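Engineer: How does the following fold in three dimensions:
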Amino acid sequence: SSDLEHSLRQGTETGSIIELGRQITIRVKNESGATIPKGAAVHAVGGEPSETPKIALAKANSYPWIDNLIGAANESIANNAYGYVVVSGPVTGIDTTSVNAGQVVYVSPTTAGGYTQTDVAPTDGYAVHLGSCLVSDATNGAILVSMKGIEWGANFTNGAVAYSNGDRLYEDASNFFWDQ
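Structural biologist: Numbering: from 1, shown residues only. Below you'll find the model as predicted:
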């Protein structure tokens, strides 16, 4: 028996299937100017009066956009169309050859919507945890979206301010970063 046999499957107006009991999704609108591919990491860029979030491809090189990460597209979402994003749970039937099964998946700092299994160096962007790779495959790949946000390592800013024991950090809200 498969996991799909143990979840309730709900069709949507866009043709997407939501696996109730396995996925938490949110309805979104894409006004980015291009199609957002299935599996792509996305962030919120605003909303509509109906409170439907507008989305764009996420890239882990820019704050505060990385703070608005909402998940991975559950389907390809055409420009000016509605679709669904997985906030928690599996996204299947995608190309995950850039990551190994069982590895942590980070939002890419170089490819919009992409991901990497390499921890992002502070000089390259931010280590934004999207989830983990369940299956590494070109067409039947799967990631488990389980966002944990930014992983703060030895350097707290995208410019490498090192901290040591006893240092205090403060938020520079006007420039969107933490500093000593």
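Engineer: Give the helix, strand or coil label for Ile66.
Structural biologist: helix (DSSP: H, G, I helix; E, B strand; the rest coil).
Engineer: Show the pLDDT at it.
Structural biologist: We have a pLDDT of 70 for Ile66.
Engineer: Repeat that for the one 4 residues further on.
Structural biologist: Ile70 is assigned a pLDDT of 91 by the prediction.
Engineer: Is it in a helix, a strand, or coil?
Structural biologist: Ile70 - assigned by three-state DSSP - is strand.
Engineer: tell me the strands in this structure, going along the chain?
Structural biologist: Secondary structure of the chain (DSSP state E): strands at 8-11, 17-20, 24-30, 41-47, 53-57, 69-73, 81-94, 104-107, 115-116, 128-135, 141-150, 170-172, 177-179.
Engineer: how about those in CSV, adding mean neighbour count?
Structural biologist: Using the backbone N, CA and C atoms, a C-beta is placed for each residue, glycine as well. Shown next, in CSV, are the strands of the chain (neighbours: other CB atoms under 10 Å):
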stretch, mean neighbour count
strand 8-11, 10
strand 17-20, 16
strand 24-30, 19
strand 41-47, 20
strand 53-57, 20
strand 69-73, 24
strand 81-94, 21
strand 104-107, 25
strand 115-116, 22
strand 128-135, 21
strand 141-150, 18
strand 170-172, 10
strand 177-179, 15
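Engineer: Contact partners for Gln117?
Structural biologist: Ser98, Val99, Asn100, Gln103, Val104, Val105, Tyr106, Cys133 (CB atoms under 8 Å, 6 or more residues apart in numbering).
Engineer: closest to Tyr84 among those?
Structural biologist: Nearest to Tyr84 among those, counting by CB to CB, is Val105 at 19.2 Å.
Engineer: which stretches of this protein have low pLDDT?
Structural biologist: 1-7, 63-65, 122, 149-180 (pLDDT under 70).
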